[in-house]
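**Q** Pasting a predicted model and its sequence here:
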Amino acid sequence: MSGVEMAHWLATTDAELNFVGARSSTLGPRSSQNTILVYCTERSGTTCGGSCTVYDGGAACIDAPGTECMAASIDVGFCDKESCDGDCSSLSECGTELDGGYCYTPGTKSIVVSPL
């Protein structure tokens, strides 16, 4: 998902948003080293929503229990155990694509954000 598409989704969604990192950089100029990741608790048809966390930062392992769908500005990994352990898949190999560039990722417990 491009930065423009991400900014549009953030500006128009009715999902409850919780920001981690600098919120202002999510919608404006940002470091080329940062990844913008949105992960949410609900899928409704082909839409991702519910309570969503917006992460704007560098490499990290993010514990994200309850995640049902996500999108990111670069490829990330998602795992079925906390601490980025267990079976992990790549967002770029999404099995069920949702509206707006989101991917259905049921069973996600953690997310791997890697450096560029």
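**A** Alright, I've got the coordinates. Just so it is clear, the structure is predicted and the values come from calculations on it, not from any experiment.
**Q** Identify all contacting residues around the one helix or strand residue 89 maps to.
**A** Counting by DSSP states H and E, the element that carries residue 89 is strand 85-90. With CB atoms under 8 Å, 6 or more residues apart in numbering as the test, strand 85-90 has contacts from 75-81, 105, 109-110, 112. In short, each C-beta sits where N, CA and C put it, glycine included.
**Q** and stretch 83-93, how far from the chain's centre?
**A** Distance, stretch centre to chain centre, for stretch 83-93: 13 Å (CA atoms, centre = their mean, to the nearest Å).
**Q** Dump whichever helix in the chain runs longest to PDB, restricted to CA.
**A** Using DSSP state H, we find that the single longest helix of the chain is helix 3-12. In PDB, the C-alpha atoms belonging to helix 3-12 read as follows (Å, rounded to 0.1, in the frame of the first residue of the first chain):
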ATOM      1  CA  GLY A   3       1.800   6.200   1.500                       C
ATOM      2  CA  VAL A   4      -0.900   8.200  -0.300                       C
ATOM      3  CA  GLU A   5      -3.300   5.200  -0.100                       C
ATOM      4  CA  MET A   6      -2.500   4.800   3.600                       C
ATOM      5  CA  ALA A   7      -3.100   8.500   4.300                       C
ATOM      6  CA  HIS A   8      -6.500   8.300   2.500                       C
ATOM      7  CA  TRP A   9      -7.600   5.200   4.400                       C
ATOM      8  CA  LEU A  10      -6.600   6.800   7.700                       C
ATOM      9  CA  ALA A  11      -8.400  10.000   6.800                       C
ATOM     10  CA  THR A  12     -11.600   8.300   5.800                       C
END
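**Q** ok, and for that helix, which residues are buried?
**A** 6, 9-10 (16 or more other CB atoms under 10 Å).
**Q** what would those residues look like in JSON lines with distance to residue 100?
**A** Output for the buried residues of helix 3-12, formatted as JSON lines (distance: CB to CB, whole Å):
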{"residue": "6", "distance to residue 100": "9"}
{"residue": "9", "distance to residue 100": "5"}
{"residue": "10", "distance to residue 100": "10"}
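**Q** between the residues you listed, which is nearest residue 40?
**A** residue 9 (10.7 Å; CB to CB).
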